[in-house]
Each structure stands twice: as C-alpha cells, then as structure tokens.
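1. Curious how this folds, go ahead:
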Amino acid sequence: MLPPDFLINEIEAITAMYNDFHTSLLKSIARHIADTLKATGAADIIPTTAYEIRRAQAAGLLKEDIIREVARINNMSRKEVRALFTKAAITARRYDDRGYRAAGFEPIPIMQSPEMLNILNAGISKRLGSLQRLTGTIAINTEMKFNELLNVGYNKVVSGAISYTKAIETAVDDLTREGVKTFSYATGREISVESAVRMNILTGVNQTAAQISSQTMKELGISLVITSAHLGARTHPDKNFKDHESWQGKIFHWKELENESGFGKNSNKPLQTDDENDKLLLPDIQVGKSLGAAAKNYEILLPNGEYTKLTEDTKITNIEVMAGSGKNRQIDIIDKLLDDYGGSTDKWQYVKGIGYVDYKGESYKAELHWFQEPSAGKHDWKVKIDYGGNWFIGN
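-> Residues are numbered from 1 along each chain as shown. The predicted structure is shown next:
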C-alpha cells in the first residue's frame with residue numbers, strides 16, 4: 001500500500017502542469033475577446049453579420065491556440081504520469097516488502113514480474129487515456145466559454161449599456177473568478193480543472209498500487225489481510241458490509257474480507273470497474289410512436305440550453321451505467337435526485353446511451369445521458385457533445 005503522504009507530495013508537479021495549461025487557455029480567451037470587442041467599439045455601427053464574421057475569425061484563432069496547448073499538455077503528461085505511477089508502484093512495494101521480509105518472504109521485484117509490469121502499464125495507459133479525454137472536454141468548454149462571454153459583451157456594447165473597455169474588463173473578471181470548468185464523468189457535476197486532475201490521478205495511482213499489492217500476495221501465496229481503521233467510520237443499522245465500523249481494524253482471510261466488508265462487491269454483485277472490458281450494460285429502450293406515446297416522451301437538454309424530444313419509433317442502444325447502482329462510483333447529486341424525484345438511494349443510476357433526437361425538423365443521432373430509478377423513472381436527460389464540439393454523431 002502507499003504511505004498516506006505519498007500523493008500529497010508527488011501529485012503537485014502534475015497539477016501545476018495542468019494549472020499552467022488552464023491559465024494559457026484563459027489568456028487566449030481574454031486576448032481574442034479583447035481584440036474582437038476593440039474592433040467592435042472602434043466602429044460607429046457594426047452590423048450583426050460583420051460581428052459574426054469577426055467572431056468566427058477569433059474563434060478560429062482560439063481553436064489554433066487550443067490545439068497547440070492540448071498537444072503540449074498531452075506530450076508533457078505522458079512522461080510525468082509514467083514517472084509518477086512507476087514511483088508509486090515501487091514505493092507501495094517497498095512499504096509492503098518490509099512486512100513480507102519480516103515474515104520470512106522474499107517478494108519478486110516489480111520489474112522482474114511480467115504480471116506486475118502488465119498491471120503497471122495498463123494503469124498508466126488507462127490514466128493517460130482518461131487525461132486526454134479530460135483535456136478534450138476542457139478544450140470544448142474553452143470554446144463555449146469564449147462564445148458565451150463574447151456574445152454577452154457584444155450585446156452590451158451595441159446596446160450602449162457599457163463601453164467596449166468595460167465589456168473587456170467584465171469578461172476578464174469572469175474568467176479570473178470562474179475559469180473554465182470541466183465535469184465529473186460519474187455525476188455530470190461541474191468541477192475545476194485542478195480538482196478533476198487531482199481526482200483522476202489519485203484514483204488511478206491508488207487503484208494501480210492496490211492491484212500490485214494484490215498480485216504480490218498472490219505470488220507469495222498469502223491469504224490473510226488486515227484492514228485499516230480510522231475514527232468516524234461509516235455505520236449502518238443492518239451491520240452488513242455497509243457498516244464500516246464493524247469490520248475495520250481486523251484480520252481476515254481474503255474470502256472472509258469479501259463477505260464481511262463487501263470488498264470486490266457492490267449490492268451483492270461483482271464490483272463493476274471502469275475498464276472497457278467490464279462495462280455494466282442495460283437493455284435497449286424503445287421510443288414509442290403515435291399521439292399517445294408522445295406524451296410519454298422525455299425533454300432532452302441540448303448544449304445551447306434549448307430542449308427537444310426523442311425521435312418517435314426509434315431505440316436507445318448501447319446503454320451503459322456510469323455511476324450508482326451496480327457500479328463502484330457513487331452519484332454525487334443523489335440528495336438532489338431524492339429531493340426532486342424520490343426513489344431509493346441505492347437504486348439510482350447515472351446512464352448513457354445512443355439515441356435519436358428531433359432538432360429543427362430533422363432526426364439526429366446523439367449520445368444521451370440521464371438519471372434513472374425504477375420507481376421514480378428517468379430524468380434530467382441531455383445531449384452530450386463530443387471532444388470535437390459536435391452535438392450529433394456523424395455530423
């Protein structure tokens with residue numbers, strides 16, 4: 001296992017690197033907004049069409065900045081993540097090996113164990129992929145933030161409400177205060193770039209170190225484990241694995257640990273991970289047809305804030321649970337879901353699938369996200385934009 005203070009000291013270099021990436025994007029937004037609004041303020045009257053041309057030109061220049069910064073951070077992160085994961089694996093083993101050697105065991109070094117090297121390389125590869133998805137999301141949100149602030153500033157300038165210099169100042173203040181947000185894939189909740197990177201790295205390093213510890217036990221033929229203990233452990237009236245206080249600080253056989261603590265289990269089902277080969281998939285959903293079915297349709301939130309409907313007589317396919325019941329990830333907004341719609345805490349799920357929505361008289365294929373619970377139904381549907389900024393698939 002990893003010493004408690006390991007990640008506190010080691011993660012700073014990577015978070016600082018991504019904070020610099022975030023700051024570079026904010027500077028690009030501010031620069032292109034300032035240039036566009038200065039041109040607007042310099043003219044006596046600027047037609048909307050002329051403004052749209054200037055906005056598109058600025059957006060194109062911003063996109064070039066984003067592409068350059070994303071390439072830079074992805075190249076830098078490969079080296080840093082590999083170094084961090086390797087050091088974490090070696091540190092975890094060094095921490096564990098003292099106990100093994102005191103008991104007369106001689107663990108195989110990580111670099112001499114093909115299984116452990118596979119675990120380490122898989123952890124690095126998975127985390128790099130996750131960080132690349134994160135930077136893609138940040139890139140999309142950067143463009144959206146630019147358009148949002150520029151349009152607000154332009155409308156205020158042309159209406160005479162404020163000067164272009166004041167509009168630029170207001171936009172910069174917003175960027176300084178809010179920055180560009182990303183979101184948690186498990187919950188859809190907006191979080192800061194720094195928080196997203198920290199969560200991403202902490203999860204990956206801890207999971208990889210734990211898998212290497214488990215592999216070491218397997219290679220040494222060890223089946224006894226001791227659980228850690230801390231004050232304020234979670235309690236549960238059923239005194240089952242949800243009652244952490246009842247099983248912490250004890251020695252277990254590996255199988256006993258599964259039964260007592262729920263380790264490797266969730267709701268009496270095998271633990272669902274986020275690996276591509278271990279998805280929790282659900283049956284397709286048929287969208288009805290006819291006037292009667294239309295009333296049962298769902299409101300789907302589009303990226304521009306408008307709402308639409310599912311296309312009738314279509315199916316939602318490739319449905320996958322991302323958080324909640326059946327997965328190890330929890331839904332952060334579970335309290336809000338319970339307040340708004342009711343249902344049972346342990347039955348809510350955060351889900352995604354591929355379906356069709358109506359937009360401007362046409363039907364478009366899109367990735368859909370929503371929350372669902374057996375008794376409460378399906379709620380808070382939205383279209384998920386891809387890493388290229390596209391709303392719909394194949395367009």
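2. Got the phi and psi for K352?
-> Main-chain torsions, K352, degrees, to the nearest 10: phi -130, psi 160.
3. Tell me which helix or strand the residue nearest to it when sequence neighbours are not counted sits in.
-> Computed as Cβ to Cβ, 6 or more residues apart in numbering, the closest residue to K352 that is not its neighbour in sequence is H369, at 4.9 Å. To be clear about C-beta, it is placed using only N, CA and C from the backbone, and glycine gets the same treatment. Applying DSSP states H and E as the criterion places H369 in strand 362-373.
4. Any buried residues in that strand, and which?
-> Buried residues in strand 362-373, counted by 16 or more other Cβ atoms under 10 Å: 364, 366-373.
5. do the same with stretch 343-360
-> 343, 348-357, 359.
6. and which of those is nearest H230?
-> Among the buried residues of stretch 343-360, W348 lies closest to H230 (Cβ to Cβ), at 27.4 Å.
7. Next one: that closest one from N297, what distance?
-> Separation of W348 from N297 (Cβ to Cβ, to the nearest Å): 22 Å.
8. Residue ranges of each domain in the protein, please.
-> Following automatic domain parsing, one gets these domains for the chain: 6-211, 281-384.
9. Can you add mean pLDDT and distance to G394 and give those domains back as TSV?
-> Formatted as TSV, these follow (pLDDT from 0 to 100; distance: least, Cβ to Cβ, whole Å):
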stretch	mean pLDDT	distance to G394
domain 6-211	84	18
domain 281-384	86	6
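10. I'd like to know which of those is closest to E245.
-> domain 281-384 (18.9 Å).
11. Could you check how far that closest one is from the centre of its chain?
-> With Cα atoms, centre = their mean, to the nearest Å as the basis, domain 281-384 stands 18 Å off its chain's centre.
12. same thing with stretch 163-182?
-> For stretch 163-182, the distance to the chain centre is 25 Å (Cα atoms, centre = their mean).
13. Same check on stretch 99-116?
-> With Cα atoms, centre = their mean, you get 35 Å for stretch 99-116.
14. Now do that stretch: everything it contacts.
-> With contact meaning Cβ atoms under 8 Å, 6 or more residues apart in numbering, stretch 99-116 is reached by 89-90, 93, 96-97, 117, 120, 212, 215-216, 219-220, 222.
15. got it, and stretch 171-187?
-> Contacts for stretch 171-187 (Cβ under 8 Å, 6+ apart): 22, 25-26, 29-30, 33-34, 37, 133-134, 137-138, 141-142, 145, 149-150, 152-153, 189-193, 196, 199, 322-323, 329-333, 350.
16. One more pass at 7 Å, please.
-> 22, 25-26, 29-30, 33, 134, 137-138, 141-142, 145, 149, 153, 189-193, 196, 322-323, 329, 331-333, 350 (Cβ atoms under 7 Å, 6 or more residues apart in numbering).
17. Out of those, which end up buried?
-> Buried, going by 16+ other Cβ under 10 Å: 22, 25-26, 29-30, 33, 134, 137-138, 141-142, 145, 149, 153, 191, 193, 196, 322-323, 329, 331, 333, 350, out of the contacts of stretch 171-187.
18. mind listing which of the contacts of stretch 171-187 are in strands?
-> 190-191, 322-323, 350 (DSSP state E).
19. how near is P109 to N206?
-> For P109, the distance to N206 - Cβ to Cβ - is 21 Å.
20. neighbour-wise, which of these two wins?
-> N206 (17 against 11; other Cβ atoms under 10 Å).
21. And the strands in the stretch 51-200 of the chain?
-> Using DSSP state E, counting those that start in this stretch, the strands of the stretch 51-200 of the chain run over residues 182-183, 190-191.
22. Surely L61 touches H32?
-> Yes. Proximity of L61 to H32 meets the contact threshold set by Cβ atoms under 7 Å, at 5.9 Å.
23. which of these two has more neighbours?
-> Taking other Cβ under 10 Å, L61 and H32 do not tie; H32 has more neighbours (20 against 15).
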